[in-house]
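*Asks:* Sequence first, then the predicted structure, then my questions.
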Amino acid sequence: MLDSTSSVRPRDGKARPSVDFNGEWRNELGSSISLKVTADGSVEGTYKRAVGSASSKEEFPLVGFATGALLCLSVSLGKSGSVISWVGQHTKENKRPVIKTMWLLARDVPDPDDPSNFGGAIVTGYNHFVR
């Protein structure tokens with residue numbers, strides 16, 4: 001179960017991260033994210049995937065936002081013509097930090113193939129990232 005965490009809102013009305021997302025995280029498939037979060041919740045970093053058609057040594061820039069214990073990240077997967085976004089929440093399992101996420105991956109479908117292949121152009125799943 002996810003921890004219930006309220007975000008503290010400063011006078012400017014913007015929610016700030018309430019947990020430390022900074023650093024290296026790895027998911028159950030071996031893919032990794034390296035995150036740098038600013039005080040206002042902007043996220044920059046890199047994504048290195050262990051699955052799919054790209055080389056596992058290839059890194060992709062990522063951007064996102066953190067607010068309270070929530071995180072969203074987006075990555076363009078370069079030459080593959082795909083984009084992926086994760087949305088999730090930081091919590092703890094067995095006293096270990098974890099980010100539980102759901103993701104959407106969109107693939108570019110050539111226009112002539114749109115009617116028959118568009119349904120498979122967007123896929124979804126989940127990942128748990130741990131330190």
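*Replies:* Arrived safely.

*Asks:* Could you pull up the mean pLDDT of stretch 60-71?
*Replies:* Averaging pLDDT along stretch 60-71 yields 96.

*Asks:* Go ahead and name everything in contact with that stretch.
*Replies:* Stretch 60-71 is contacted from outside by 3, 5-7, 15-19, 21, 33, 35, 37, 41-49, 54, 72-78, 86-91, 99, 101, using Cβ atoms under 8 Å, 6 or more residues apart in numbering. C-beta here means a position set from N, CA and C on the backbone, and glycine is covered the same way.

*Asks:* Now do the buried residues in that stretch.
*Replies:* Neighbour-count burial for stretch 60-71 flags Phe60, Leu62, Gly64, Phe65, Ala66, Thr67, Gly68, Ala69, Leu70, Leu71 (criterion: 16 or more other Cβ atoms under 10 Å).

*Asks:* which among those gets closest to Ser82?
*Replies:* Nearest to Ser82 among these, counting by Cβ to Cβ, is Phe60 at 10.3 Å.

*Asks:* what stretches of the chain score poorly on pLDDT?
*Replies:* 1-14, 52-56, 111-119 (pLDDT under 70).

*Asks:* Need the three-state assignment for Leu29.
*Replies:* Three-state assignment for Leu29 (DSSP: H, G, I helix; E, B strand; the rest coil): coil.

*Asks:* what sits against it?
*Replies:* Leu29 neighbours (Cβ under 8 Å, 6+ apart): Ala50, Val51, Asn127.

*Asks:* List buried residues within these.
*Replies:* The neighbour count (16+ other Cβ under 10 Å) marks Asn127 as buried among the contacts of Leu29.

*Asks:* Adding secondary structure and distance to Val109, write the contacts of Leu29 out as JSON lines.
*Replies:* Below are those laid out as JSON lines (DSSP: H, G, I helix; E, B strand; the rest coil; distance: Cβ to Cβ, whole Å):
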{"residue": "Ala50", "secondary structure": "coil", "distance to Val109": "25"}
{"residue": "Val51", "secondary structure": "coil", "distance to Val109": "20"}
{"residue": "Asn127", "secondary structure": "strand", "distance to Val109": "24"}
